[in-house]
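Student: Any chance you could fold what I've pasted below:
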Amino acid sequence: MEAIDGDAINYGYRKITYHLRKYCNLVINHKKVYRLCKELRILKDQRIIRTKIKRNIAINRTITGSNQLWEMDIKYGYIEGEDKFFYLLNLIDIFDRSIIDYHMGLHCEAKDAAALLRKCLIRRNLFEEDSKKPVIRTDNGPQFISHKFDECCEELKIEHERIPVKTPNKNAHVESFHRILEDECLKINEFQSYGEAYKIVNEFMEFYNNRRLHSSLRFMAPHEFYNLYFEENLTNIQIRV
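Tutor: As a prediction, this is how the structure comes out:
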């Protein structure tokens with residue numbers, strides 16, 4: 001196997017076979033190359049092919065209270081002064097319209113989505129194992145179809161459903177919030193730094209949750225509505241999604 005040069009050092013045994021035939025004029029088959037590589041302990045580790053995540057399609061639901069269905073989605077913002085984008089991953093309770101929590105950063109990965117989900121459960125006092133968990137609904141972004149996010153939902157015993165492709169109306173409440181966020185915060189501010197963007201976005205989130213009136217919430221702010229009607233049976237309010 002001394003004929004293997006630097007070009008082939010990272011090859012698997014099948015590519016090494018073709019390399020030896022093409023560049024070293026050796027008559028050799030892949031089985032022998034495999035045995036030699038095994039004896040020399042230079043076999044590359046086999047690639048682990050992970051099974052695809054089972055996709056639970058979002059179903060029609062009737063929501064009658066808080067903490068029954070949460071929606072999660074990503075919104076992008078732009079920093080004019082640094083010519084770069086940032087991510088806003090938001091989680092909304094569709095009944096009381098509260099942004100329970102959000103992740104803001106220059107990256108947004110599956111680990112950030114998993115961490116946000118845990119934070120929201122803690123905020124709503126639902127992290128204990130015997131607590132009744134909400135359903136979490138997302139689109140099919142890479143953060144949400146990852147094994148890490150799937151394992152997090154399984155660990156937390158949360159049902160995760162994903163909307164069909166090209167059906168943003170199935171995620172209507174978080175999409176509606178993103179329109180508000182765009183019109184009342186992102187569009188009217190030219191951020192010069194990430195620090196400035198973080199401060200202004202944080203102030204807007206506080207305003208939205210605590211002071212911005214919602215006609216669908218009997219002209220209350222989301223947190224006011226949640227605190228007033230939490231655990232009450234509002235039979236006259238039903239949200240079909």
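Student: When you work out contacts or count neighbours from here on, use the C-alpha atoms and nothing else.
Tutor: Fine.
Student: Only C-alpha atoms, please: export stretch 75-90 in CSV.
Tutor: Output of stretch 75-90 as CSV, limited to C-alpha atoms (Å, rounded to 0.1, in the frame of the first residue of the first chain):
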residue,chain,number,x,y,z
LYS,A,75,-37.8,36.2,10.8
TYR,A,76,-34.7,38.0,9.3
GLY,A,77,-33.6,41.5,10.1
TYR,A,78,-30.9,43.6,8.4
ILE,A,79,-28.2,45.7,10.0
GLU,A,80,-27.5,48.6,7.6
GLY,A,81,-24.3,49.7,9.3
GLU,A,82,-22.6,46.3,9.3
ASP,A,83,-24.3,45.0,6.0
LYS,A,84,-25.4,41.7,7.5
PHE,A,85,-28.5,39.9,8.6
PHE,A,86,-29.6,38.6,11.9
TYR,A,87,-32.1,36.0,12.9
LEU,A,88,-35.2,36.2,15.1
LEU,A,89,-36.7,32.9,16.1
ASN,A,90,-40.1,33.6,17.7
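Student: Return the set of buried residues in that stretch.
Tutor: K75, G77, Y78, I79, F86, Y87, L88, L89, N90 (16 or more other C-alpha atoms under 10 Å).
Student: residue nearest the centroid of this protein?
Tutor: Centroid check for the chain by C-alpha atoms, centre = their mean gives Q143 as the closest residue, at 3.6 Å.
Student: where's K38, which helix or strand?
Tutor: Element membership for K38, per DSSP states H and E: helix 30-40.
Student: what about dumping the CA coordinates of that helix to CSV?
Tutor: Output of helix 30-40 as CSV, limited to C-alpha atoms (Å, rounded to 0.1, in the frame of the first residue of the first chain):
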residue,chain,number,x,y,z
HIS,A,30,-11.7,-3.9,-4.1
LYS,A,31,-11.9,-7.0,-1.8
LYS,A,32,-8.2,-7.3,-1.6
VAL,A,33,-7.8,-3.5,-1.0
TYR,A,34,-10.3,-3.8,1.8
ARG,A,35,-8.4,-6.7,3.4
LEU,A,36,-5.1,-4.8,3.2
CYS,A,37,-6.6,-1.6,4.5
LYS,A,38,-8.1,-3.5,7.4
GLU,A,39,-4.8,-5.2,8.2
LEU,A,40,-3.0,-1.8,8.1
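Student: Following element in sequence after that helix, please.
Tutor: Using DSSP H and E, the first helix or strand after helix 30-40 is strand 62-63.
Student: Now do that following strand: everything it contacts.
Tutor: L69, F95, Q238, I239, R240, V241 (C-alpha atoms under 8 Å, 6 or more residues apart in numbering).
Student: Please apply the same query to stretch 144-157.
Tutor: Stretch 144-157 is contacted from outside by I53, A110, K111, A113, A114, F127, E129, K133, T138, Q143, E159, H160, using C-alpha under 8 Å, 6+ apart.
Student: Restricted to buried residues, select these in PyMOL.
Tutor: Applying 16+ other C-alpha under 10 Å to these, the buried members can be selected in PyMOL as follows:
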select buried, resi 110+113+114+127+133+138+143+160
